[in-house]
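[1] Task: produce atomic coordinates for the following.
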Amino acid sequence: MKTIEISGEKRNGVGTSNAKLARKEGKIPCVIYGGSENIHFMTDTLSVRDIIYTDEFRLANITVDGKAHKCIVKDVQFHTVNDSILHIDFQSLEAVNQVKVQMPIKLQGTSEGQKVGGTLVQKMRRLLVLSSPSSLLSFVPVDISALELGKSMRVRDIQLPEGMVSLTNGSIPIVTIDIPRALRSAQTKAAEGKKK
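    This is a model prediction of the structure:
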């Protein structure tokens, strides 16, 4: 899993006015919590681009005042109009045994159902899991190659690595191979022909 290096500058004050001042300087106000103390700092958009704008889960190695902190992104606030980043919450991994995270799901392979004309419909793109920091992955791989026409793969069907458990309802479908109307019609006609 990729780790993104982020350089931060400690903020002297906290609160709305301090955050606005940081944004005026072109900086993003951030906080690291979960360690011995909360660390308020600011950084620039370029530093966090590869951890925010990605479809993979990544770790952050944040250096503030010469001290490095291993973290994960916990929350990002975006501007409602221009989508610029307003604030980022990071969670320190230094003193935790387990973390709750939304892991991206990555489908792998071509299903049997697609090979005979089925349409793949991905119903879930992220999975809520409880994981030890050492078990975190860039994404949860889901092999769909055996999935047949009209069938679904559910959360309970996923094999997660040791040290990671799903917190999402096991009956929820992740991906379905739909039968297109034309194919369904052809199947019905074929079935009626056999009856005759």
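[2] Tally up the residues packed near V129, please.
    Counted with other C-beta atoms under 10 Å, residues neighbouring V129 total 23. C-beta here means a position set from N, CA and C on the backbone, and glycine is covered the same way.
[3] elements contacting whichever strand or helix holds it?
    Following DSSP states H and E, one finds V129 within strand 126-131. With contacts defined as 3 or more C-beta pairs under 8 Å, 6 or more residues apart in numbering; DSSP states H and E, strand 126-131 has these neighbours: strand 99-108, strand 164-166.
[4] Give the buried residues for it.
    Taking 16 or more other C-beta atoms under 10 Å as the neighbour-count basis, strand 126-131 is seen to contain the buried residues L127, V129, S131.
[5] neighbours of N12, just the number please.
    Residues within reach of N12, counting by other C-beta under 10 Å, total 8.
[6] Nearest spatial neighbour of it, chain-adjacent residues omitted?
    N18 (7.6 Å; C-beta to C-beta, 6 or more residues apart in numbering).
[7] Ok, I177 next?
    What sits nearest to I177 in space, not counting adjacent residues and going by C-beta to C-beta, 6+ apart, is G113, at 3.2 Å.
[8] Bridge partners for the residue nearest to G35 when sequence neighbours are not counted, pull those for me.
    Beyond its immediate neighbours in the sequence, the residue positioned closest to G35 (C-beta to C-beta, 6+ apart) is S92, lying 4.0 Å away. S92 forms beta bridges with C71, as assigned by DSSP bridges.
[9] S92 contacts V31, doesn't it?
    No: counting by C-beta atoms under 8 Å, no contact exists between S92 and V31, whose distance comes to 10.4 Å.
[10] In terms of neighbours, single out the busier of these two.
    For S92 against V31, the residue with the higher neighbour count under other C-beta under 10 Å is S92, and the figures read 21 against 17.
[11] Pull the contacting residues for the more buried one.
    Applying C-beta atoms under 8 Å, 6 or more residues apart in numbering, we find S92 in contact with I32, Y33, G34, G35, H69, K70, C71.
[12] Mind checking which of those are in strands?
    Members of these lying in strands (criterion: DSSP state E): I32, Y33, H69, K70, C71.
[13] Tell me how far the third one lies from S92.
    It refers to H69. Distance, H69 to S92, using C-beta to C-beta, to the nearest Å: 6 Å.
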